[in-house]
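J.: need a 3D model of the following:
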Amino acid sequence: MSLRDGWLLATGTLTAVRVPAPGRVDRQVAGLAMLLAPLAVVPLAVAAAVVVVVGDLVDLPPLATAYVVLLVLALGTRALHWDGLADTADGLTASYSRERSLEVMRTGPVGPAGVVAVVLVVGLQAAGLTAVVRHDHAWLVVGLLVCASRSMLAPACVRGVPAARPDGLGSTVIGAVPVVGAVGALLVGLVLSGLAGHLLGAALVGLAGAALAVAAVAALLVRCSRRLGGITGDVLGAVVEVSLAALVLAAAAA
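T.: Predicted structure coming up:
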């Protein structure tokens, strides 16, 4: 039942798809949920792919298609990851006090740093997607990259990464993924990104995108761990959005 509970936890947390509550939520189930994240978001990937197909059929401008893809992804996640990105940016810039930063991330409205972070990252994603949707098989590439971006959650939750707070869902999943599982998730991300690059005619570019995403996530985790004493669920939201931005930007170079 742990596998089913992990899938239910991943789907219910990472998407707006309505599923039953898992029978139990503990560290084992939480770790499985992070490992299953690329699979759990397949409905989102399919929805994004459909937007690309329809956009091509109705001759929608690539930039408009890109923004509709991002809109569908935001709706499909209840904009949870964007909220996490904004809160993370606000927390990292709020104060030199760890406690004050965590309080801002928990309760504060979106501040200037959060707004700037969201605008910049969504702009980067839109710019990358605008170039990607011009290619043949763009629908499949976009779907693969959506799944690949979620493969970065498991490495972010690998054992040894501390939680900045003892409460909340983030504290349940952070540090819950075995090292072997995190490595496996990275390989999944590499395969998905490489396949996306192959469909665009440049597999190495896809692999470079995965490497760029890993570097960006590592930098974010190091910064948050030093500044906040660990990471939170908000940081995991930022991991997803930053990873997708890195992947689509690299794909745009194919």
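J.: hey, let's count contacts and neighbours off CA atoms from now on
T.: Fine.
J.: which residue, other than its chain neighbours, is closest to Val50?
T.: Nearest non-adjacent residue to Val50, counting by C-alpha to C-alpha, 6 or more residues apart in numbering: Trp139, 6.9 Å away.
J.: isn't the one you found up against Gly55?
T.: No: with contact defined as C-alpha atoms under 8 Å, Trp139 does not reach Gly55; the gap is 9.9 Å.
J.: okay, the two: which has more neighbours?
T.: More neighbours surround Trp139 than the other of Trp139 and Gly55, with 24 against 20 (other C-alpha atoms under 10 Å).
J.: ok, the more buried one to Ala30 distance?
T.: Distance, Trp139 to Ala30, using C-alpha to C-alpha, to the nearest Å: 31 Å.
J.: same deal with Leu190?
T.: Separation of Leu190 from Ala30 (C-alpha to C-alpha): 23 Å.
J.: quick one, which of those two is more surrounded?
T.: Under the neighbour definition other C-alpha under 10 Å, Leu190 and Ala30 were set side by side, and Ala30 has more, 28 against 21.
J.: low-confidence stretches in the stretch 101-250 of the chain?
T.: 108 (pLDDT under 70).
J.: tell me the contacts of Val183?
T.: With contacts defined as C-alpha atoms under 8 Å, 6 or more residues apart in numbering, the neighbours of Val183 are Pro155.
J.: surely Pro22 touches Leu8?
T.: Yes: the criterion here is C-alpha under 8 Å, and Pro22 meets it with Leu8 at 5.6 Å.
J.: so between these two, which is more surrounded?
T.: Counted by other C-alpha under 10 Å, Pro22 and Leu8 do not tie: Leu8 has more neighbours, with 23 against 17.
J.: mind telling me what element the more buried one is part of?
T.: According to DSSP states H and E, Leu8 maps onto helix 2-14.
J.: which outside residues touch the following helix or strand past that helix?
T.: The helix or strand immediately downstream of helix 2-14 is helix 27-35, counting by DSSP H and E. For helix 27-35, the surrounding residues in contact (C-alpha under 8 Å, 6+ apart) are 2-3, 5-10, 151, 153-154, 157, 172-173, 176-178, 181-182, 185.
J.: all set now, cheers.
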